[in-house]
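Enquirer: No letters, just coordinates:
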DNA sequence: TTGTTTTTTTGACAATTGTCAATTGTAAAA
DNA sequence: TTTTACAATTGACAATTGTCAAAAAAACAA
């Protein structure tokens, strides 16, 4: 749990009082490989943090699984549209390994944001970080080739390549498994 | 200016006091076609609102202009990475028509967020809206064909098609002007 | 208006990626 | 171990999109 608090602090430097305010709304869960952090059509009521393990975010399109993102250890994840619009999630978050996941409740966070400015600022910082990430990913998808994106992944996040099956990686990169296989043999 | 206040209110219902707090940090500018709202390498220190007119957000990649987004009348725009990371913008925001643009200063907003919880919550709501938009756009880019995206634009935002030159639209859709031209003749 | 420049469209061809089918490889279950 | 199921690769071919060059159309200035 300590690494989680440190991570919260790196998002926004919370005072001891601020952290104490959050604590009642934090819960830890141990999940097994294949378990879901967020199920389809479930409303996303938490911001998740994968303290140990590895997860993927995916959804179904025309009966096929499309992987949207991976969440490596020590990273946050949640369904943006389900969380903010409070509607059933089309995204599914699944553990690809036995994982330890920390849940921060939206209900608690919302309530604290109304009354405590420190928490409100923490929350702003958290979502502006997500916004920057989202923007970078969009640029990458729109203006780089599948090969460039694969090479960037290989350079910056090789652990994702090691842990995730090819088919998930392919849909994450927006290409077919066949094309990914061909790219891999040519590098 | 009234429509701007109404729009702020629709983002997050501000009290009269909250609105008064913001007012000193709001400025209105009249810009001509071709003028820049944000120049290259300038740090983005405002959240802009195109009250009248039409703008596009673009950048240079390998010497070519890539249009990232359009900002129709009554919409907000800013450079996400430049604004939050306070670094020179690679994005350029240009008026495609004579425009009336309302500037909300980051400096003022940051200061108010530290002291007034209502403003902090307003700001959270503003950026979570941007995050939802960014997410939707990413899904669209990754999993729809250029033709599907063109048709969606035609259906949902036909005024963009009317106002923006083909070459800008093409790079916005992530295709060449030639391909866009061929798509158009086939619909 | 005319002439000039820029934008858009069209054609021919190349490169990339997708689809389908078959094969090989891998990992879990019997 | 062998069997079975699933994952990954490979080949052949089709579809899509890009590139380059040229023509047509539109926008702009003299």
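Expert: Received, thanks. All values reported here derive from a predicted model rather than from experimental measurement.

Enquirer: Any part of the longest helix anywhere in chain A near DNA strand D?
Expert: Ranked by residue count and defined by DSSP state H, the top helix of chain A is helix A:117-143. No. Interface with DNA strand D: helix A:117-143 contributes nothing (Cβ under 7 Å from any atom of the strand), its closest point being 10.5 Å away. (Each C-beta comes from the backbone N, C-alpha and C, glycine too.)

Enquirer: is that helix anywhere near DNA strand C?
Expert: No. Judged by Cβ under 7 Å from any atom of the strand, helix A:117-143 stays clear of DNA strand C, getting no closer than 12.2 Å.

Enquirer: immediately after that helix, which helix or strand?
Expert: As assigned by DSSP states H and E, the chain's next helix or strand after helix A:117-143 is helix A:146-156.

Enquirer: Residues of chain A that sit close to DNA strand C?
Expert: So chain A meets DNA strand C at A:145-147, A:174-176, A:178-179, A:183 (Cβ under 7 Å from any atom of the strand).

Enquirer: can you do 6 Å?
Expert: Residues of chain A found near DNA strand C (Cβ under 6 Å from any atom of the strand) are A:145-147, A:175-176, A:178-179.

Enquirer: Apart from its neighbours in sequence, what residue is nearest the spatially most central residue of chain A?
Expert: Nearest residue to the geometric centre of chain A (Cα atoms, centre = their mean): residue A:77, 2.6 Å. Excluding the flanking residues, the one nearest residue A:77 by Cβ to Cβ, 6 or more residues apart in numbering or on different chains is residue A:71, at 4.2 Å.

Enquirer: give me the beta-bridge partners of that neighbour?
Expert: The partner list for residue A:71 in beta bridges (DSSP bridges) reads residue A:55.

Enquirer: The residue lying closest to residue A:75 once chain neighbours are set aside: neighbouring residues, count only.
Expert: Using Cβ to Cβ, 6+ apart and skipping the chain neighbours, the partner closest in space to residue A:75 is residue A:50 (5.8 Å). Number of residues near residue A:50 (other Cβ atoms under 10 Å in any protein chain shown) recorded here: 24.

Enquirer: What's the separation between residue A:50 and residue B:9?
Expert: According to Cβ to Cβ, to the nearest Å, residue A:50 stands 38 Å off from residue B:9.

Enquirer: what's the answer for residue A:150, then?
Expert: 46 Å.

Enquirer: for residue A:168, same thing?
Expert: Applying Cβ to Cβ to residue A:168 and residue B:9 gives a distance of 43 Å.

Enquirer: neighbour count winner among the two?
Expert: More neighbours surround residue A:168 than the other of residue A:168 and residue B:9, with 20 against 14 (other Cβ under 10 Å).
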